[in-house]
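Peer 1: for reference, the sequence and a predicted model appear below.
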Protein chains: 2
Amino acid sequence: MADGGANSKVKRKDRILDAAEALFAKHGFDGVSMRKVAEEAGVDLALSSYHFGNKRGLFDAVLMRRAEVLNETRLAALERCKAEAGEGGPTVEAIINAFLEPMLAHGYQEDEGWRHYFELVAQVNSSFEWGGQLMTKYFDPLVRKFIDALKVALPNADPADLYWCYHFLSGALTLTFAHTGRIDQLSDGIAKSEDMVGAYERMVPFVAAGFRRLCDK
Amino acid sequence: MADGGANSKVKRKDRILDAAEALFAKHGFDGVSMRKVAEEAGVDLALSSYHFGNKRGLFDAVLMRRAEVLNETRLAALERCKAEAGEGGPTVEAIINAFLEPMLAHGYQEDEGWRHYFELVAQVNSSFEWGGQLMTKYFDPLVRKFIDALKVALPNADPADLYWCYHFLSGALTLTFAHTGRIDQLSDGIAKSEDMVGAYERMVPFVAAGFRRLCDK
DNA sequence: AATTAATTTCAACAAATGTTGAAAGTCAAT
DNA sequence: ATTGACTTTCAACATTTGTTGAAATTAATT
């Protein structure tokens, strides 16, 4: 039997998460109904509540699923770049690269699940209602490790400067992966929001230069 | 009679816009009901539909109201910095400053209306559903003028690099004004999201350094 | 095969939603 | 005072919303 249909071997619970991920990414928490999720996933309405308790539980489960994977991959990238560096520790560029590169590694081009996920994170990050709480919960423990590494690479930095620089990085990063298509329109097609490799290759030096200007004293 | 109550002289139409602005900023388009707007504004439910046609019309009116003011102020700042510069034109730093400084000028500290507005724009900018369309419509004509000025300041820049740099600026800017409180939690209070002056003073050199690294050849 | 547990469906609930037509009120100009 | 345009209220509409018990089905265990 061919896969992919409504009778696919993929567990219903995962199909619900996939559908919710795609829909929340496009329309936000309040723009999606439980019925729409059920319809998209090809399951009964009540099943999402059974598996995740309620709508908010479903939303949290979507956010958590890939956060754990991303955090592990980023941590591994940070450890690797530390190991490859000499005793002075890695450069600013190498640390930022370790933070960004894993976002492309997860088969970003092929796997639309990850694309939906990053669109969702972008929206959560800059939303007043969710931004402070959820991003802190899911990502900040790891972010602190990257900032510690940056403190070593920029030993004379004022901590407040360092946190603001990371904040700017976070904003540039999430908007880029939000994939809104705005840069396409603004540039008349010269820059393409689908070109994540091009964005990544530019973001590393852009952000590193900013860190150095403010924190390299 | 004292002002400020439900019988204030302020026109009901403006009270609706103010209430909608605050609510949309906090909860997004789909997270706000017409009834909540009416209640917050102290007017009848049907009045918003009468003045703005429907919910979407109200949302557009909120976005448009201050966009026009901001665009004018930014244009004036750009012209002024061009006039003050020599014949070589303004520096990258001066151009970016002209783009950012007007956001603080509108009595940002006192007037919470502007704070709500920027929170709303932040959310719109990184939302898939609205980001591409609305930002282009309201802001891009002016943004193109700033990019033209940057092309003069960075004459050897590859246009694609320039557009990506602006995109990074846009992301850093909107997240900072989204005011989510995340930087407070991440930094344990060392950096404060209320400190918009501090953010502004750091963002100008941060972004300018990025532009120079990628576009100054 | 029998029993228990986990999953999925069905049907319905009360509450909340955007919108609208008609009535009532307000205000300025004649 | 009367007209006429504009503003505001009232009441109701048809949908849509999240959630939940109870029944039915499937899977796992004995």
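Peer 2: Sure thing, it's come through.
Peer 1: so the helix or strand that contains A:Tyr163, near chain B or not?
Peer 2: Assessed by DSSP states H and E, A:Tyr163 sits inside helix A:159-178. Yes - legend: contact between helix A:159-178 and chain B by CB under 8 Å from any CB of the partner chain is shown at A:159-161, A:163-176, A:178. (Each C-beta comes from the backbone N, C-alpha and C, glycine too.)
Peer 1: cool, and stretch A:105-122?
Peer 2: Yes - counting by CB under 8 Å from any CB, chain B has neighbours in stretch A:105-122: A:Glu119, A:Ala122.
Peer 1: on that earlier part again, now the following helix or strand past the helix holding A:Tyr163 - C-alpha only, PDB.
Peer 2: Per DSSP H and E, the first helix or strand lying C-terminal to helix A:159-178 is helix A:182-186. Only the C-alpha atoms of helix A:182-186 are listed here, as PDB (Å, rounded to 0.1, in the frame of the first residue of the first chain):
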ATOM      1  CA  ARG A 182       8.700  41.200   1.900                       C
ATOM      2  CA  ILE A 183      12.300  41.300   0.700                       C
ATOM      3  CA  ASP A 184      11.200  39.900  -2.700                       C
ATOM      4  CA  GLN A 185       8.800  42.800  -3.200                       C
ATOM      5  CA  LEU A 186      11.100  45.500  -1.800                       C
END
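Peer 1: do a quick rundown of the helices in chain A.
Peer 2: A:12-27, A:34-41, A:45-52, A:55-84, A:92-105, A:112-125, A:128-153, A:159-178, A:182-186, A:196-215 (DSSP state H).
Peer 1: what are the contacting residues of the shortest one?
Peer 2: Helix A:182-186 is touched from outside by A:191-193, B:125, B:131-132, B:135-136, B:140, B:143-144, B:163-164, B:166-167, B:170, with contacts defined as CB atoms under 8 Å, 6 or more residues apart in numbering or on different chains.
Peer 1: can you flag the buried ones in those?
Peer 2: Among those, those classed as buried by 16 or more other CB atoms under 10 Å in any protein chain shown are A:191, A:193, B:125, B:131-132, B:135-136, B:143, B:163-164, B:166-167, B:170.
Peer 1: quick check, nearest of those to DNA strand D?
Peer 2: Among the buried ones among the contacts of helix A:182-186, B:Gly131 lies closest to DNA strand D (CB to the nearest atom of the strand), at 21.9 Å.
Peer 1: for the closest one, give its distance to A:Phe139.
Peer 2: Separation of B:Gly131 from A:Phe139 (CB to CB, to the nearest Å): 21 Å.
Peer 1: ok, A:Leu100 next?
Peer 2: Distance from A:Leu100 to A:Phe139, by CB to CB: 14 Å.
Peer 1: what of A:Glu84?
Peer 2: Applying CB to CB to A:Glu84 and A:Phe139 gives a distance of 24 Å.
Peer 1: which residue comes closest to A:Trp114 once chain neighbours are left out?
Peer 2: Nearest non-adjacent residue to A:Trp114, counting by CB to CB, 6 or more residues apart in numbering or on different chains: A:His106, 5.0 Å away.
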